[in-house]
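> based on what follows, work out the 3D shape:
(one chain, ligands or ions: 2)
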Amino acid sequence: MAIAREAEPVGSLHEVREAGLDREDLLGVYRNMVVTRGVEERGHILYRQGKIPGSFYTGRGNEAASVGVATAMAQEDVGTPLHRDMGVHITRGVEPWRIFAQYMGRADGPTHGRDGNVHMADTNLGLIAMVSHLPAMLPVAVGAALAFRIREEARVALAWFGEGASARGDTHEGMTFAGTRKLPVVFICDNNQWAYSTPTYLEFATEHVADRAQAYGFEGVVVDGTDVLAVYREARRAIDKARAGGGPTLIECLTLRMEGHAVHDDAFYVPKAMFEKWAESDPLERFRTWLRDNVDMTDDEEDEIQSGAKKLLNDALKRAEDSPMPDPSDLLEGVYASAEDLDTPHHK
Ligand SMILES: Cc1ncc(C[n+]2csc(CCOP(=O)(O)OP(=O)(O)O)c2C)c(N)n1
Ligand SMILES: [Mg+2]
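Ligands and ions are numbered 1, 2, ... in the order given. Have a look, this model is predicted:
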């Protein structure tokens, strides 16, 4: 039996307004989801054209989870999004041309060509770049939350991880530390039901990952990660609670990995029926239908969102292709942060 609270879907428009979203906001959320998917679809094209060095990862099926949480963050909050969370970068305002530049290892990507993969983030937008080792970013986000506590800043850290990564020690360490000190951090588990080829029943023995939260001394919530409004509502509640001194929350988004682990993986081990079921629960299609039924999104509005995204991304591709390769002579610049860059009380 579940220990974590199982969140209800968002019912009425009234409930959405209560949660702080007006009609314009809702269309903006949809736009961010469309752009997120569009970025990754174009990434596939770049990969097939041989323009992406190394591998290529996407979060197809995870757009509602990533955009929903990022929409609930305040500008001053920070987060550590992972390889399924392109929607966080888009919602926080990273320009798509810089993401394409990153994919192609160009000088104008967020890592300035030091990395060609999704290990990227713009610190000016409150995002901290991931390292590949999972879930190494959880203690980093918890550390950011500790800094907010020491500095008496009313800010919240968002810490993303996959359900597979929940099996490793850093998850336990991060949650124990955050729970004992009641730090302002919200843990977001994108449970996309697979960790590469490992299914969930070999990853954790509880019904939900979020059931563990109780053992760490804070609330666990399970939410349908294909329902952007329910994700937003739960993230907003947890962030508000953390900001008000109520301590951490673990939100588990039940989401989908609609593609292989990465482009090199044909996911032969995922039952065909699962892919078929996922196709029926596509988060973009689900929210599109909701907008049509509940806020009368018109054909014109939808066309404007779709064609606007198309133009944005086509222009972005051109601009990224014009970005130069990094200059080998400055290879070691920007690899390590200076004490000033870190900007913590200990370094001042
Ligand atoms: C410590 C560590 N071991 C292995 C890997 C290779 N790896 C990258 S992603 C991944 C699967 C992680 O699964 P999950 O946490 O469920 O995240 P998902 O990829 O499904 O979003 C693996 C094994 C890694 N990055 N770090
Ligand atoms: Mg997973």
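
> every contact and neighbour count from this point should use C-alpha atoms.
Fine.

> off-centre distance for the helix or strand where Glu304 lies?
Following DSSP states H and E, one finds Glu304 within helix 299-322. How far helix 299-322 lies from its chain's middle: 22 Å, per CA atoms, centre = their mean, to the nearest Å.

> and the average pLDDT for it is what?
Helix 299-322 comes out with an average pLDDT of 98.

> report the buried residues of it.
Within helix 299-322, the residues that qualify as buried are Glu302, Ile305, Gln306, Ala309, Lys310, Leu312, Leu313, Asn314, Ala316, Leu317, Arg319, Ala320, counting by 16 or more other CA atoms under 10 Å.

> ok, and the closest non-adjacent residue to the last one?
Spelled out, it's Ala320. In space, Ala320 comes closest to Ala101 once its chain neighbours are excluded; the distance is 4.7 Å by CA to CA, 6 or more residues apart in numbering.

> in this structure the one you found contacts Asp115, no?
No. Applying CA atoms under 8 Å as the test, Ala101 and Asp115 come out as separate, 10.5 Å apart.

> what sits in contact with each of the two?
Listed as contacting both Ala101 and Asp115 by CA atoms under 8 Å, 6 or more residues apart in numbering is no residue at all.

> with neighbour numbers in mind, choose between those two.
Ala101 (29 against 18; other CA atoms under 10 Å).

> so who does the most centrally placed residue in the chain touch?
With distances taken as CA atoms, centre = their mean, Asp85 lies nearest the centre of the chain, 2.9 Å away. Contacts for Asp85 (CA under 8 Å, 6+ apart) come out as Gly59, Asn62, Glu63, Ser66.

> export these as CSV, with columns for pLDDT and secondary structure.
Below are those laid out as CSV (pLDDT from 0 to 100; DSSP: H, G, I helix; E, B strand; the rest coil):
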residue, pLDDT, secondary structure
Gly59, 98, coil
Asn62, 98, coil
Glu63, 98, helix
Ser66, 98, helix
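
> ligand 1 contacts on the stretch 51-200 of the chain?
Counting by CA under 6 Å from any ligand atom, the stretch 51-200 of the chain comes close to ligand 1 at Arg84, Ser132, His133, Leu134, Gly162, Glu163, Gly164, Ala165, Asn192, Trp194, Ala195, Tyr196.

> using a markdown table, please lay out those residues together with neighbour count and pLDDT.
As requested, those are arranged in a markdown table below (neighbours: other CA atoms under 10 Å; pLDDT from 0 to 100):
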| residue | neighbour count | pLDDT |
| --- | --- | --- |
| Arg84 | 24 | 98 |
| Ser132 | 13 | 93 |
| His133 | 8 | 94 |
| Leu134 | 19 | 96 |
| Gly162 | 23 | 98 |
| Glu163 | 26 | 98 |
| Gly164 | 24 | 98 |
| Ala165 | 18 | 98 |
| Asn192 | 23 | 98 |
| Trp194 | 20 | 98 |
| Ala195 | 17 | 98 |
| Tyr196 | 14 | 98 |
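
> what about the residues you listed, which are in strands?
If you go by DSSP state E, these have Gly162, Trp194, Ala195 in strands.

> so which residues of the stretch 201-348 of the chain form helices?
Secondary structure of the stretch 201-348 of the chain (DSSP state H, counting those that start in this stretch): helices at 213-216, 228-243, 272-280, 283-294, 299-322, 339-342.
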